[in-house]
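J.: fold the stuff below for me.
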Amino acid sequence: MEFWLEQQAKNKGNKIFIDDGNTQLTFKAFYDLALKVAKNLTELNNKRIGLYINNSIESVIIINAAWIAGIELAMINTRLTKHEILNQMASIDVDIIVSTLELDLDDIMIIDGHEIINKNDSKNNIVASFELNRIASIMFTSGTTGPQKAVPQTFGNHLASAQGCKQSLGFDDDTIWLSVLPIYHISGLSVILRAIIQGFTVRIEQKFDTQHMLEIIRNERPTHLSLVPQTLQWLLDEGLTQPYSIEKILLGGAKLSRQLIDKSLQCELPIYNSFGMTETCSQFLTASPKMLAERYDTVGKPSDNVRVAIKNADSKGHGELLIKGDNVMKGYLYPSELQGVFKDGFFNTGDIAEIDEQGYVMVYDRRKDLIISGGENIYPYEIESKAKYFDGIIDAMCTGIEDNTWGQVPYLYYVAHEEIDHNLLANYLASNLAKYKVPKGYERVDKLPYTSTGKLQRGKITD
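T.: Numbers count the residues shown, from 1 in each chain. Have a look, this model is predicted:
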């Protein structure tokens, strides 16, 4: 079958595919460039390469060129240390990295992406066929414990994910999607894939700048926007008080606070909360504004092409969330012998969740983040949510610490501009939480550890 980009070049050749605010390329012009670069990439004689890239048109060209050339792409988080990058690439046998950013590594070949793009046409012919079961991308999970896991994502996985997003969120040929999320992450790459599958326009941005994003929203009239909760909060704080032309704001990467939901809905912002994983090729649960108005803590319902279930539910209906669908990877590339990844065809997400009578899914915390104190399960997010209501606290993170009596007890880190009376904070939490959930210690820090997509990394606190 034909690659999706080739189909769009034939069917919607004059339509703008990608726009960075300075340069616009139609599907036809972009495909011609990608085809040229694909020929150059074949000279590497390598079926799997690493990508160390920024959010740029050049990076998107290289991605599609590699796919045309039949090359698997290992996406590298640009925030990693050199040691972490080398370990990841060694685990999946990658010895060549194409980079659009400055990078210097020992024992691995670095190819300048700009040189690949600007090089004269190679005489090589493209013979690779496009197949849905082929690996398109490899991403490493951002787990905080143990070795990072290499997730192979096939074109079929990406297609199923895009179909689920179209059904649960909605987009069409007229969509203009503003995306600033990193392309090396599934949330950013998924926008590119949805565009080449559907044939809409992507307005790509290198990095998040609140005022500049507001200018784009007001003046360029995008219809869709991908954000993490923190960036939405910054936009609200700086004056995003109406939707303009935005039809859908897709949120993910971190939990939404009730305050953020209420403020967004008051401004009539069309926010859609979502939940997904690297292993599921982005979102598979989506909550509409109506759902969020009814139950602020939900991540919605699954798209029609996936099934979800709860494993080993307790008396409250809380258990591990399972998912089955064509968007789910078939197994890890590394480590390849992990046990307990699948159960009866369902992928075990490792998240503690509940499904209520309406079919709404509530995801509470990662199983590894769960605090078990005296036999009681404590969800860090519940404590963090309450703490953020306390006057002066800007952000909060709860973790479990060892305790000789209870096994574990909760401990709260928080961000605040000024010193906070811990006795007052403890009394406030005691009036809103069960006694065993009240933190046994408090510590003010300058910042909390977040991933590049806004996900809180418990256990990686830095003073």
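J.: low-confidence ranges, the chain, go.
T.: Low-confidence segments of the chain (pLDDT under 70): 128, 142-147, 375, 452-453, 459-463.
J.: tabulate the CA atom coordinates of the longest helix that it contains in CSV.
T.: As assigned by DSSP state H, the longest helix anywhere in the chain is helix 27-42. Extracted in CSV, the C-alpha atoms of helix 27-42 (Å, rounded to 0.1, in the frame of the first residue of the first chain):
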residue,chain,number,x,y,z
PHE,A,27,1.6,18.1,1.0
LYS,A,28,3.1,17.8,-2.5
ALA,A,29,6.1,20.1,-1.8
PHE,A,30,6.7,18.3,1.5
TYR,A,31,6.5,14.9,0.0
ASP,A,32,8.9,15.8,-2.8
LEU,A,33,11.4,17.0,-0.2
ALA,A,34,10.9,13.9,2.0
LEU,A,35,11.4,11.6,-1.0
LYS,A,36,14.7,13.3,-1.8
VAL,A,37,15.9,13.0,1.8
ALA,A,38,14.7,9.3,1.9
LYS,A,39,17.1,8.5,-0.9
ASN,A,40,19.9,10.2,1.0
LEU,A,41,19.1,8.2,4.1
THR,A,42,19.3,4.9,2.3
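J.: in this structure, which residue is closest to the centre?
T.: For the chain, S187 is the residue whose C-alpha lies nearest the centre (C-alpha atoms, centre = their mean; 3.8 Å).
J.: please tell me I have it right and that one contacts L251.
T.: No: using C-beta atoms under 8 Å, S187 makes no contact with L251, being 10.2 Å away. Quick note: C-beta positions are derived from backbone N, CA and C, even for glycine.
J.: tell me the spacing between G188 and Y272.
T.: 17 Å (C-beta to C-beta, to the nearest Å).
J.: same thing with Y296?
T.: 13 Å.
J.: who's more crowded, these two?
T.: Set Y296 next to Y272 and count neighbours by other C-beta atoms under 10 Å: Y272 wins out with 22 against 18.
J.: for that one, give me its contacts.
T.: L169, K248, I249, L250, L251, T286, A287, S288, P289, G300 (C-beta atoms under 8 Å, 6 or more residues apart in numbering).
J.: repeat for R307
T.: By C-beta under 8 Å, 6+ apart, the contact set of R307 is I323, K324, G325, F346.
J.: can you tell me which two in the residues you listed are farthest apart?
T.: G325 and F346 (9.5 Å; C-beta to C-beta).
J.: who's more crowded, those two?
T.: More crowded of G325 and F346, by other C-beta under 10 Å: G325, with 22 against 19.
J.: which residues touch the spatially closest residue to the more buried one that is not a sequence neighbour?
T.: In space, and not counting its chain neighbours, G325 is closest to V306: 3.3 Å by C-beta to C-beta, 6 or more residues apart in numbering. V306 makes contact with G164, T280, F284, I323, K324, G325, N327, V328, according to C-beta under 8 Å, 6+ apart.
J.: confirm the fifth one sits in a strand?
T.: So that's K324. Yes: according to DSSP: H, G, I helix; E, B strand; the rest coil, K324 belongs to a strand.
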